[in-house]
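[1] here you go, sequence then predicted model.
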Amino acid sequence: MAGKNGLAVTDSFGLSGGEVIRNVAQSSGPAWRSSSSSNFSLSREFSQCREAILRDMYAKFFGLSQVPFSIAPDPRYLYMSERHRDALAHLLWGVSAGGGFVLLSGAIGAGKTTVCRCFLEQLPPQCTVAYIFNPSLTVDELLQTVCQEFGVVLPEAVRTPGSTKGMVDALNTFLLQEHAAARSCLLIIDEAQNLSAPVLEQLRLLTNLETAERKLLQIILIGQPELRDMLARPELEQLSQRVVAQFHLEALSPAETHQYVQHRLWVARPARPIALRAAGLGTHTAAHQRRATSHQLIV
């Protein structure tokens, strides 16, 4: 930590602080040493403890009521840059289209999940939502998860492997009931780049469930840039043709990154104003710009 009448806050938290913690850990005995290497390394538990202590220390120093930088997708901290507003608008418009797929992609840390949480808060009450955040599933596992998230009770005979038709029939019955009650159904799949080709094909088939008037299920796929590459494959062309809206979140510009940091600090409600200037923006790559800059500040 250095600077005139202030602190330089970086993700390394300063060499001296790290050395102090290293000395404490070394004095605690072999429990803190790695079993796979003779060199000293912090255990996962100690690393988590270290981070918690440092977060609390800096929050108290700056008078913050909350920790402003966290990996949790808290909509309160969403910085609505122009591109984030566009992403939200694409999600809202895509749902209003009444069927097919909506695609939201972006690099790690671009704000996809947080935009989605903000989107969920704006959905009308007559919209029934199923949210899947671990899509590394087989076709049967996916259908079971979709039914579970929608609250569809499956008969015991349908829960066995290979009962794909029975699960689709049960889901179709539920969707028809929701349609009759003037409710729409939305399926959101996060980390969709992990979906296999057979699962994506099954999702396409689910969008065939319809009445004479409208589709019964809308699907939003959220994932990293490789999701777009997957959907560009020839074998998934039929699915790609059903994408009614898509948006790719780019990394923040240096100016937007500075505004992003200021916004998160403002939401955390510091006890006193904090004047900031972004440090080293020109050295950050696009893929890491947002995450790196948000942890490297000069006060």
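    Sure thing, it's come through. Bear in mind the structure is a predicted one, so any value in this text is a computation, not a measurement. Numbering: from 1, shown residues only.
[2] CA only for contacts and neighbour counts going forward, please
    OK.
[3] any chance you could map the strands in the chain?
    8-9, 100-106, 127-132, 184-189, 218-223, 243-249, 277-278, 297-298 (DSSP state E).
[4] what packs against the second one?
    Meaning strand 100-106. helix 82-96, helix 112-121, strand 218-223, strand 243-249 (3 or more Cα pairs under 8 Å, 6 or more residues apart in numbering; DSSP states H and E).
[5] swap in 6 Å and give it another go.
    If contacts are counted by 3 or more Cα pairs under 6 Å, 6 or more residues apart in numbering; DSSP states H and E, strand 100-106 sits against strand 218-223, strand 243-249.
[6] kindly calculate the angle that it makes with helix 112-121.
    140 degrees (axes from the mean of the first three to the mean of the last three Cα atoms, to 10 degrees).
[7] what pairs with strand 100-106, parallel or antiparallel?
    Sheet pairing of strand 100-106 (DSSP bridges) gives strand 218-223 (parallel), strand 243-249 (parallel).
[8] would you format these as JSON lines with mean pLDDT, distance to residue 231 and mean neighbour count included?
    Output for those, formatted as JSON lines (pLDDT from 0 to 100; distance: least, Cα to Cα, whole Å; neighbours: other Cα atoms under 10 Å):
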{"stretch": "strand 218-223", "mean pLDDT": "95", "distance to residue 231": "11", "mean neighbour count": "24"}
{"stretch": "strand 243-249", "mean pLDDT": "92", "distance to residue 231": "10", "mean neighbour count": "19"}
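[9] can you pull out the helices in the protein?
    Applying DSSP state H to the chain gives helices spanning 15-27, 44-61, 82-96, 112-121, 139-150, 164-180, 197-206, 226-231, 237-240, 254-267, 289-293.
[10] and these, which is most packed in?
    Of the helices of the chain, the one with the most neighbours on average (mean count of other Cα atoms under 10 Å) is helix 289-293, at a mean of 21.
[11] and it, average pLDDT?
    Helix 289-293 carries an average pLDDT of 42.
[12] from the centroid of the protein, which residue is nearest?
    Central residue of the chain (Cα atoms, centre = their mean): residue 113, 3.0 Å from the mean position.
[13] so how far is residue 119 from it?
    10 Å (Cα to Cα, to the nearest Å).
[14] where does pLDDT dip in the stretch 51-200 of the chain?
    51-55, 73 (pLDDT under 70).
[15] try it again at 90.
    51-83, 94-100, 108-115, 117-118, 121, 124-125, 133-136, 153-164 (pLDDT under 90).
[16] quick revisit: Throw the helices and strands packed on strand 100-106 into CSV and include distance to residue 159, thanks.
    Formatted as CSV, those follow (distance: least, Cα to Cα, whole Å):
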stretch, distance to residue 159
strand 218-223, 23
strand 243-249, 30
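[17] circling back: and the helices of the chain: which comes nearest residue 214?
    Closest to residue 214 of these is helix 164-180 (Cα to Cα; 9.4 Å).
[18] distance of residue 178 from residue 209?
    13 Å.
[19] which residue is the nearest non-sequential neighbour of residue 158?
    Closest residue to residue 158 apart from its sequence neighbours, by Cα to Cα, 6 or more residues apart in numbering: residue 166 at 5.5 Å.
[20] circling back: separation between the residue nearest to the centre of the chain and residue 173?
    30 Å.
[21] what do you get for residue 133?
    24 Å.
[22] next: residue 248.
    Relative to residue 173, and taking Cα to Cα, residue 248 is found at 34 Å.
[23] again, but for residue 261
    For residue 261, the distance to residue 173 - Cα to Cα - is 48 Å.
[24] and for residue 160?
    For residue 160 relative to residue 173 (Cα to Cα), the value is 19 Å.
[25] could you do residue 233 as well?
    The value you get for residue 233 to residue 173, if Cα to Cα is used, is 32 Å.
[26] wait, residue 193 sits on residue 222?
    No: Residue 193 lies out of contact with residue 222 (Cα atoms under 6 Å); the separation is 7.9 Å.
[27] quick one, which of the helices of the chain gets closest to residue 216.
    helix 164-180 (6.0 Å).
[28] kindly export that closest one (C-alpha atoms) in CSV.
    Provided in CSV are the C-alpha atoms of helix 164-180 (Å, rounded to 0.1, in the frame of the first residue of the first chain):
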residue,chain,number,x,y,z
THR,A,164,-37.7,-39.3,-23.0
LYS,A,165,-41.2,-39.4,-24.5
GLY,A,166,-42.9,-39.7,-21.2
MET,A,167,-41.1,-36.6,-19.8
VAL,A,168,-41.8,-34.6,-23.0
ASP,A,169,-45.5,-35.6,-22.8
ALA,A,170,-45.6,-34.5,-19.1
LEU,A,171,-43.9,-31.2,-19.9
ASN,A,172,-46.3,-30.6,-22.9
THR,A,173,-49.3,-31.2,-20.6
PHE,A,174,-47.9,-28.6,-18.1
LEU,A,175,-47.2,-26.1,-20.9
LEU,A,176,-50.8,-26.4,-22.2
GLN,A,177,-52.2,-25.9,-18.8
GLU,A,178,-50.1,-22.7,-18.3
HIS,A,179,-51.2,-21.5,-21.8
ALA,A,180,-54.9,-22.1,-20.8
